[in-house]
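In: I'll drop the sequence and a predicted model, then ask my questions.
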Amino acid sequence: MRNVADLKEAAGLLRTGDDIVLALPVNAVIAQRLRLPTTDLGDFEGMVRLQVEKAFPYPPEEVTSDYELIEKGEKESVVSSVAVHNARLNEIAGPLLHSGHIPRQVTVYAAQRAASHAAEGRALIIYREGEKLVSAISENGKLSFTRTLDAADEAELQRDLPQLALSAELQGIDTSFPKILLDENCLPLRDAIERILAQRPDLMGTEAPPARVKLNLAPEAWRKQRAAFVRQREWRRRALWAGGIYVGLFLLFALYVGVIRFQVGHLQKLISRDAPKVEFIKSTEADWKALAPAIDPHYYPIELLLHLFESLPNRDVRITVYEQSARNISVQGEAPSAALAYQFGEQVKKNPGLKDFTFTLGTPRILPNDHAQFRLEGKTK
């Protein structure tokens, strides 16, 4: 916690988006203790608003009010009502508003002190706000009566405190306080208050932080403006997240591209390094393929002719012409019928010794003697 001289100095220490609770002095508000017919809680607001309009000499739209329920009975309920003139509130909060800081909640400092130090029962609380001495009566932690005292010595306290008690009793408040609380900064007045009220006050320190209270006197215009700021910050935050994700994805993509380029470059280097070996293997393979007909027994003419004769359906089918090149063979022959020519072609295709060739049999030509002349072409696979 840090002490500052005024609200202007405090505004200079705030950052955008800070959660601010503004506590007003009692001289800026009107606090009323009201007895209202017990009804639904939602109906209290309208009745409290009506009482506030009677107490304030300003149009209703220029006043912001709120209430807290002190005690609820079967027929009547006691309510703590607090109201502030919006112009006065804008004047007090000017340094905050000019720097772009809108409080989330506007409450009363006396209510915070009551909730912090006297959450149960009745209590008289005395402390200073600026140069003035403030007295506040709380019931069950709710503010029910406030006065600003001009007392500076025991004689003035002797005059003001009894008047305070009388005014409170006229509003129906029991002034036999189970607890009297005096701020530790007002310690010199402790003995005087004890002599006047015949009860020794307990000392209370500064709340850090004070207890939460329901009262919120923030005008509707402030709430809308703050809600707009919150939405704007949320969208800005989302935009920053989206931008961060986009940048992250872009960096990952750039890293991926870099890795791919590195791998491609590495592969190209390997390919360049191995290119002579690959070329040697390719040329060697081509040489071996060229030499295969000469050195591979499967391509010897005598072997191929043997397998062709093995495939003849009978002795009446004759081979008349045999031609062979490096990779191809050509067979011409004559069969007693076209059926036998086709049968020869099928048996050649099935011969295991001729599996390295792909054979194609052309349409046989019928001779005058009804024999079929055929031509069988074979190519290496």
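Out: Okay, I see it. Please read all numbers here as calculations on a predicted model, not as lab measurements.
In: can you give me the neighbour number for the residue nearest to residue 58 when sequence neighbours are not counted?
Out: Distance criterion Cβ to Cβ, 6 or more residues apart in numbering; nearest residue to residue 58, sequence neighbours excluded, is residue 85 at 5.7 Å. Placement of C-beta: from N, CA and C, glycine included. By the measure other Cβ atoms under 10 Å, the count of residues near residue 85 is 17.
In: cool, and residue 289?
Out: 13.
In: going forward, the N-terminal residue is numbered 691.
Out: Yes, from this point I'll number from 691; that puts the last item at residue 979.
In: so which helix or strand takes in it?
Out: helix 910-985 (DSSP states H and E).
In: quick revisit: hang on, isn't the residue nearest to residue 748 packed against residue 753?
Out: Yes - Residue 775 is within contact range of residue 753, at 6.0 Å (criterion: Cβ atoms under 8 Å).
In: check contacts around residue 810.
Out: Each residue near residue 810 by Cβ atoms under 8 Å, 6 or more residues apart in numbering is listed here: 830, 831.
In: if we can go back for a sec, could you give the mean pLDDT of the helix holding residue 979?
Out: Helix 910-985 carries an average pLDDT of 87.
In: which helices and strands does the helix or strand just after it pack with?
Out: Later in the chain than helix 910-985, the nearest helix or strand by DSSP H and E is helix 991-1000. Contacts defined by 3 or more Cβ pairs under 8 Å, 6 or more residues apart in numbering; DSSP states H and E place helix 991-1000 against strand 1008-1014.
In: partner strands of the helix or strand following the strand it packs on and their direction?
Out: Counting by DSSP H and E, the next helix or strand C-terminal to strand 1008-1014 is strand 1018-1025. Looking at strand 1018-1025 with DSSP bridges, its partner strands are strand 1008-1014 (antiparallel), strand 1062-1070 (antiparallel).
In: what's next to the longest one, contact-wise?
Out: What it means is strand 1062-1070. With Cβ under 8 Å, 6+ apart as the test, strand 1062-1070 has contacts from 1017-1028, 1030-1031, 1034-1035, 1038, 1044, 1046-1052, 1054-1057.
In: could you pick out the buried ones from the residues you listed?
Out: Neighbour counting with 16 or more other Cβ atoms under 10 Å marks 1017, 1019, 1021, 1023-1026, 1028, 1030-1031, 1034-1035, 1038, 1044, 1047, 1049, 1051, 1054 as buried within the contacts of strand 1062-1070.
In: who does the nearest residue in space to residue 724 that is not next to it in sequence bridge with?
Out: Of all residues not flanking residue 724 in the chain, residue 769 sits nearest, at 4.7 Å (Cβ to Cβ, 6+ apart). Applying DSSP bridges to residue 769 yields these beta-bridge partners: residue 724, residue 759.
In: tell me the pLDDT at residue 769?
Out: Reported pLDDT for residue 769: 88.
In: which helix or strand in the protein has the lowest average pLDDT?
Out: Within the chain, confidence by mean pLDDT, DSSP states H and E is lowest for helix 731-745 among all helices and strands, at a mean of 76.
In: so which other helices or strands are in contact with it?
Out: Partner elements for helix 731-745 (3+ Cβ pairs under 8 Å, 6+ apart): strand 719-727, strand 753-762, strand 766-775.
In: give me the residues contacting it.
Out: The contact list for helix 731-745, computed with Cβ under 8 Å, 6+ apart, reads 720, 722, 724, 726-727, 729, 750, 753, 755, 757, 759, 767, 769, 771, 773.
In: buried stuff in it?
Out: For helix 731-745, by 16+ other Cβ under 10 Å, it's 734, 737, 738, 739, 741, 742.
In: cool, stretch 994-1013 as well?
Out: Along stretch 994-1013, these residues count as buried under the neighbour rule (16+ other Cβ under 10 Å): 994, 997, 998, 1001, 1002, 1003, 1007, 1009.
In: switch those residues over to a markdown table; also include distance to residue 888 and pLDDT.
Out: Shown next, in a markdown table, are the buried residues of stretch 994-1013 (distance: Cβ to Cβ, whole Å; pLDDT from 0 to 100):
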| residue | distance to residue 888 | pLDDT |
| --- | --- | --- |
| 994 | 138 | 87 |
| 997 | 137 | 91 |
| 998 | 140 | 90 |
| 1001 | 138 | 92 |
| 1002 | 144 | 92 |
| 1003 | 142 | 91 |
| 1007 | 146 | 91 |
| 1009 | 146 | 92 |
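In: nearest to residue 988, of the residues you listed?
Out: residue 994 (8.2 Å; Cβ to Cβ).
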